Each structure stands twice: as C-alpha cells, then as structure tokens.
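> Next come a sequence and a model predicted from it.
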Amino acid sequence: MQETQALAALSALAHETRLQILRLLVPHGGDGMAAGEIGAQVACSASRLSFHLSAMEQAGLIAARRDGRRVIYSAERRQIGGLIHYLLNDCCAGDATVRGCCQAGHQAQGHGHGHAHGVLPHCSGSSNT
C-alpha cells in the first residue's frame, strides 16, 4: 500500500459512523449488506449514509454492486489488511511492542479496555506488557 492510499483510508475511517459501517460489513464478507440495512443498523439517514459510503468507497475500503434495485456494499478486506500491514510494518517498522498489542490474547489477558469487537486493543506502550 502506498502512503497516499493509507492516508485516504485512515481519513475515511476517522468518523464514528464510517467505523461502525466497517465493523458491520467485515463479518458479512463478500455477501455484504444492502444500503438500507446498513442505514438501519447505524441509524443514519439515506443522504448521510450515501455520503459516508461514497467516502469509504473512494478510499477503497468498501465496494458496491447492484443486485436488482438494491445496492450491496461489502468490505474490501484485502485493502483493510493492506492498511493494517502498512501501519504495522511501514509506519511502526515492525516494532515488537506495537505488534504485541495487536495479538488476540492481549485483550483477553486484561490489557484491553472494553473496546468494541476487540478491534485494536489498548496498549500501554510498555514493552513489559
């Protein structure tokens, strides 16, 4: 992933509704969800939802496809993985402490602070954790 792509993706995710949409879409995989279902789940009006979905699509985080009269959105999981890889390896130079904070067991050991869905558990920054 190039820096400009990473910046676009991070910018698109820097909004509560967009982060909620991403959390909603990732578990649905390639099946995705219809725009109306997404709007109902995140309590967003159709015009605001369209704005958010467009920003996420332009950033490469989601893709849209037509299914009859419905528009189905799905998470671009490879792009999301590329962003995480970029952050861990290019930005953080593979730092062991940063990488350790992303391990699934880190939150289970009591280091997480109740973050929804266990996404990016809190890290104290100490190399002793």
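Received the coordinates, thanks.
> Was I right to think Val98 contacts Asp90?
No - Val98 is beyond contact range of Asp90, at 12.0 Å (criterion: C-beta atoms under 8 Å). C-beta: built from backbone N, CA, C; applies to glycine.
> ok, the two, which is more surrounded?
Legend: neighbour count by other C-beta atoms under 10 Å for Val98 and Asp90, higher for Val98 (16 against 13).
> For the more buried one, pull up the helix or strand it's in.
helix 96-101 (DSSP states H and E).
> Averaged pLDDT, that helix. What do you get?
Here helix 96-101 scores 79 as its mean pLDDT.
> Number the chain from 51, please
In the new count, where the first residue is 51, that last one comes out as helix 146-151.
> Quick check: buried residues in that helix?
Buried positions in helix 146-151, judged by neighbour count with 16 or more other C-beta atoms under 10 Å: 148, 151.
> check contacts around the residue positioned nearest the centre of the chain.
For the chain, the residue whose C-alpha lies nearest the mean C-alpha position (C-alpha atoms, centre = their mean) is Leu72; its distance is 4.7 Å. For Leu72, the contacting residues are 63, 106, 111-112, 125, 130, by C-beta atoms under 8 Å, 6 or more residues apart in numbering.
> One more pass at 6 Å, please.
Going by C-beta atoms under 6 Å, 6 or more residues apart in numbering, Leu72 touches no other residue.
> what helix or strand does it sit in?
Taking DSSP H and E as the definition, one finds Leu72 inside helix 66-75.
> As a check, name the ranges of all strands in the protein.
Counting by DSSP state E, the chain has strands at residues 83-84, 112-117, 120-125.
> So which of those is nearest Val92?
strand 83-84 (10.5 Å; C-beta to C-beta).
> Report the distance from the closest one to the chain centre.
Mean-position distance between strand 83-84 and its chain equals 17 Å (C-alpha atoms, centre = their mean, to the nearest Å).
> Can you check which helix is longest in the protein?
Counting residues, the longest helix in the chain under DSSP state H turns out to be helix 96-108.
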